[in-house]
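In: fold the following for me, if possible:
(chains A and B)
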There are 2 protein chains.
Amino acid sequence: MHLPFAAAAEGDVAAVLLDLFAILLAAKLGDELFRRLGQPAIVGEILAGVLIGPSVLGLVQPDGVFQVFAELGVVFLLFWVGLETRLSDMRAVGASAAAVGVLGVVFPFAGGVALGLALGDGSAEAIFLGVSLVATSVGITSAVLIELGVLRTAAARTILGAAVIDDVLALLLLAVATGLASGGGLDVGDLALVLGIAVAFVAFVALVGTRAMQRWPRALHAPRFADSPLLPAVIVCLGLAALAAEVGLAAIVGAFLAGMIVAETREQHPIERDVAPLYAFFPPFFFAFIGAELDLGSLANGGALLLLAGLTALAIVTKYAGAWLGAGALGRRERGLVALGMIPRGEVGIIVAGIGASAGVVGDRRFAVIVAMSVATTLIAPPLLRRRLRVDSAASRSSQG
Amino acid sequence: MHLPFAAAAEGDVAAVLLDLFAILLAAKLGDELFRRLGQPAIVGEILAGVLIGPSVLGLVQPDGVFQVFAELGVVFLLFWVGLETRLSDMRAVGASAAAVGVLGVVFPFAGGVALGLALGDGSAEAIFLGVSLVATSVGITSAVLIELGVLRTAAARTILGAAVIDDVLALLLLAVATGLASGGGLDVGDLALVLGIAVAFVAFVALVGTRAMQRWPRALHAPRFADSPLLPAVIVCLGLAALAAEVGLAAIVGAFLAGMIVAETREQHPIERDVAPLYAFFPPFFFAFIGAELDLGSLANGGALLLLAGLTALAIVTKYAGAWLGAGALGRRERGLVALGMIPRGEVGIIVAGIGASAGVVGDRRFAVIVAMSVATTLIAPPLLRRRLRVDSAASRSSQG
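Out: This is a model prediction of the structure:
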């Protein structure tokens, strides 16, 4: 017997609405509090997630509907960032972004593998530790760049471009790591296929999609709600996000490309105005989710805390160094911003660690430490970026004066 | 081992995004097609749901995340309607609304019970059939009234007020029916408690909430995203929807009251502009969900079709007659509109039938017939309302001319 709306009608729907209410309220209060303290709002939202999550109050669990809303949160966040980005701007920073992306992967990966081996890990486990340090959370960084009002700078575009390349490389390394973990070894043909599909997807969407939109902008302007092209744009976003996830990339890569494509239509401004409420509604679930995933219980011992401190320091230093070297073509100020902006790992490290846990090569404590490292890098980067921007603007004022 | 984002990272998230994409695309295409054919858009969205649902293509199942989005769809729909409604306007139509609500419940309930007994049902089964005919889907009717641009008329307000009363009475009858089905008999004290809580909730929120907002409008204006008060308003909406569901009412009653409360702040217009995208994004899931619940397989025999035809006719005639009698204080035109507007059963009949199925007093075929009756009344009302409005405006033009 199929009991659809009905089965959930009484208890379940009320429970889901209550969860969504509690998460949004907590995130908003954390946001507001940190804003008043002069701190980054997303840090407040993440800590609100820690508070209501299983580690402290246990009001909500980071799974099910919460997870879907978190995913849509980061999807709409990157869609918004894509709307603010032009393909031509990305081309202008292409070489720097590629260098930052590649070196920002090589250093953390090598560092993570070395740390794993030094801890006595097997090769599969050490490789998973390396991969979990690789990918920057472009969601977190984007939110900070938006909050600081510097999304349309060369540094921000370099970070975005590097994060896309970074994600493709992380996918490739993840394929290597899961191949090793399952005992299947390395199949170079398979890896080439994974890489080929990922590159083809990004290139096809960025180039063909953009041209299609430049030629047929009216395709997005079916009338609905005061002639807003919102729903067609959202459909493009969800479709490309799903497609990116299907080919093994992060869904947010598809969402970001969708935003860039939609932005090529001439009606960009009304689209941004209409997407803004979705961008206000969903992302707090993403930030709170990151916090709710933190498992303080598993960290409450000396060994775990030491490992966490070491892994976090390694994650920060290797990513900063790789990105700093890669960004050599940029000015000194941009270079520092790019290197700091690449630090947050956010959801990506957590995903990698989770896949490793499913494959049996990442244990419970290691998983909790990787999640905590992701949260720690995410909490550290926003204040550093903020301070750096303040120092820069003070320096540019005094050099002008 | 808790594997949150991770477990779903690869397959599940892609699958959920793909489902959401498919549902939104199908609903939007159905909407667009019916608009071009000069038909009500929501009928197109419901039929799109039938098409992609288990009965035809089987692309999506009406459960899980789809169900949550459907629920949020009708919640934001009613929140929107609440924003467009003033408590003072509701008071002006109060007596008519009460009469329409009460008579519009008594007639269908009596008709349903009589039909059940005539079919040889036991008393519990017959009472469930009666209750499933009782509650108007204010979600469907509201969407049609918005589409036709008549939401701010006395007829529309009477329908909204009657639908709230209707929902309280349905709750009471459902408590009776489940009491009988569980063999517990009738406890008048329990019923009085259910009724008391429901009435107290509506009265408290409508009166105290409204005054609180008139006095502290700034509470809703924390700055975020161009000073939009969207998130606080959405939090009020989700909170009252959850609370309404907790006390046993439909969540949409809470959402409607939340909209009325928020509308009392002076900044109503920016709120409406910001809520509009949520109202564009979520409701298509609700309409598609209604369609996806239709089980054509269980209806494909003479007996079921005959029962469906009879039940649908009974649902239409009894609700129309009850509402028509109740709306005696209104003009002839408004009276007809109110009576037609009360016809759609939509999700509410489905919920009641589902609870009956869980309790073991509504069989599979009966459940499928009740769902189909709900969809049928929902598909029939919009064209009738549309035609009635056209006849009226033609008549008023000729009487003026």
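
In: now the helices for the stretch 301-401 of chain A?
Out: In the stretch 301-401 of chain A, the segments counted as helices under DSSP state H, counting those that start in this stretch are A:302-326, A:332-341, A:346-358, A:364-400.

In: wait, isn't residue A:270 in contact with residue A:229?
Out: Yes: with contacts counted by Cβ atoms under 8 Å, residue A:270 reaches residue A:229, the gap being 7.0 Å. (Glycine included, C-beta is placed from N, CA and C.)

In: and the helices of the stretch 301-401 of chain A, which is most packed in?
Out: The highest average neighbour count among those, using mean count of other Cβ atoms under 10 Å in any protein chain shown, belongs to helix A:346-358 at a mean of 26.

In: what pLDDT, on average, does that one get?
Out: Average pLDDT, helix A:346-358: 78.

In: give me the contact list for stretch A:237-252.
Out: Outside of stretch A:237-252, the residues that reach it under the criterion Cβ atoms under 8 Å, 6 or more residues apart in numbering or on different chains are A:71, A:74-79, A:138-139, A:167-168, A:171, A:175, A:194, A:197-198, A:201-202, A:205, A:209, A:253-255, A:257-259, A:261-262, A:348, A:351, B:10, B:13-14, B:17-18, B:20-21, B:24-25.

In: what does stretch A:90-108 give?
Out: Judged by Cβ under 8 Å, 6+ apart, the contacts made with stretch A:90-108 from elsewhere in the structure are A:130, A:133-136, A:154, A:157-166, A:169-170, A:173, A:206, A:260, A:314-315, A:318-319, A:321-323, A:325-330, A:338, A:342.

In: of the contacts of stretch A:237-252, grab the buried ones for PyMOL.
Out: What follows is the PyMOL syntax for the buried subset of the contacts of stretch A:237-252, where burial is set by 16 or more other Cβ atoms under 10 Å in any protein chain shown:
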select buried, (chain A and resi 71+74+75+76+77+78+79+138+139+167+168+171+175+194+198+201+202+205+209+253+254+255+257+258+259+261+262+348+351) or (chain B and resi 10+13+14+17+18+20+21+24+25)
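
In: the helices of the stretch 301-401 of chain A: which one's closest to residue A:180?
Out: With Cβ to Cβ, the closest approach to residue A:180 among those belongs to helix A:346-358: 10.7 Å.

In: what's the closest non-adjacent residue to residue A:359?
Out: The shortest distance from residue A:359 to any residue that is not its chain neighbour, by Cβ to Cβ, 6 or more residues apart in numbering or on different chains, is 4.2 Å, and that residue is residue A:181.

In: OK, contacts around residue A:73?
Out: With contacts taken as Cβ under 8 Å, 6+ apart, residue A:73 has the following neighbours: A:282, A:283, A:284, A:285, A:286, A:287, A:289.

In: same thing but at 10 Å, please
Out: Contacts of residue A:73 were listed using Cβ atoms under 10 Å, 6 or more residues apart in numbering or on different chains, and they are A:27, A:139, A:143, A:278-279, A:281-290.

In: can you name the two of those that are farthest apart?
Out: So, the contacts of residue A:73 by Cβ to Cβ: farthest apart are A:278 and A:290, at 19.2 Å.

In: drop anything exposed from the contacts of residue A:73.
Out: When the contacts of residue A:73 are checked for burial by 16+ other Cβ under 10 Å, the buried set is A:27, A:139, A:143, A:278-279, A:281-290.

In: ok, back up a step: what's around the residue nearest to residue A:359, how many residues?
Out: Neighbouring residues of residue A:181 were enumerated by other Cβ atoms under 10 Å in any protein chain shown; the total is 21.

In: who touches it in this structure?
Out: With contact taken as Cβ under 10 Å, 6+ apart, residue A:181 is in contact with A:122-125, A:127-128, A:355-356, A:358-362.

In: many thanks, have a good one.
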